[in-house]
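Q: sequence unknown, structure follows:
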């Protein structure tokens, strides 16, 4: 990996608890693949798998699914994550995958590829993919939205305040927009059969505390927490209390609808 983050045990535990991997996107990937790649689908490789939420969702479609991550703590979390019998995990950098040339039917990276050495990763993905195999790079932006009764617009102004406070702590490697990184990678991919989608909103009903917890897993929040733990805690509490006040509720376990803005690209190796 070009950048190593998310490696502490506490962060990996939070990642397991709060990060999401929607079935809707897995279905999109598989619909694309079923049009391009002859069955049976033997091996799926999920690179930068974190604690394995997305990796597990691939299990019904493949004989074998392997998740790889550079972080031992993330692999440890993934291995205790109630996995199907055909799912396993290995520690590995994204740019040096422990697979033979032409061995992989699907290579996915979910909310991870922006941290890789992009060109080395794409070259390595091309090496391990079999002809007719597919590449799927998925991620989402920080601008999540909340919906609750008739106060949704107020909640989203508060969410924007949260994001603005974290913006100075954003890692310079990913710049102002990780979507641009994915578009640049898409444009540099030489496969003629490829698709780019820059806007897919996925909604999920979660406790308000889950929304706060998810933002706290972001690298910008973790950097603030590392530099000033008291300020990070103050910011989370301030945003949580402000959201609860706007919702007129007393419990952070009150459920809200969270909308997450995904973008992705898919490609089939000739």
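A: Alright, I've got the coordinates. Every value quoted in this text rests on a predicted model; they were computed, and no experiment measured them.

Q: please pull out the lowest mean pLDDT helix or strand from this structure.
A: Lowest by mean pLDDT, DSSP states H and E among the helices and strands of the chain is helix 9-18, with a mean of 46.

Q: can you show me the strands along the stretch 151-270 of the chain?
A: For the stretch 151-270 of the chain, applying DSSP state E, counting those that start in this stretch gives strands covering 193-207, 255-268.

Q: what angle do the shortest one and strand 193-207 make?
A: Same thing as strand 255-268. Relative orientation of strand 255-268 versus strand 193-207 (axes from the mean of the first three to the mean of the last three Cα atoms, to 10 degrees): 170 degrees.

Q: before we move on, the earlier item: and among the strands of the stretch 151-270 of the chain, the most buried is which?
A: strand 255-268 (a mean of 20; mean count of other Cβ atoms under 10 Å). Backbone N, C-alpha and C define where each C-beta goes, glycine included.

Q: tell me the strands beside that one, with direction?
A: Note on strand 255-268: by DSSP bridges, its sheet partners are strand 129-140 (antiparallel), strand 145-147 (antiparallel), strand 193-207 (antiparallel).

Q: any idea which of the ones you listed scores lowest on pLDDT?
A: Among the strands paired with strand 255-268, strand 193-207 carries the lowest mean pLDDT, a mean of 92.

Q: what does it rub up against?
A: 20, 22, 24-25, 28, 32, 36, 140, 147, 179, 183, 186, 252-268, 270 (Cβ atoms under 8 Å, 6 or more residues apart in numbering).

Q: ok, residue 70 to residue 117 distance?
A: Relative to residue 117, residue 70 is positioned 12 Å away (Cβ to Cβ, to the nearest Å).

Q: neighbour count: the two, which is higher?
A: Legend: neighbour count by other Cβ atoms under 10 Å for residue 70 and residue 117, higher for residue 70 (23 against 15).
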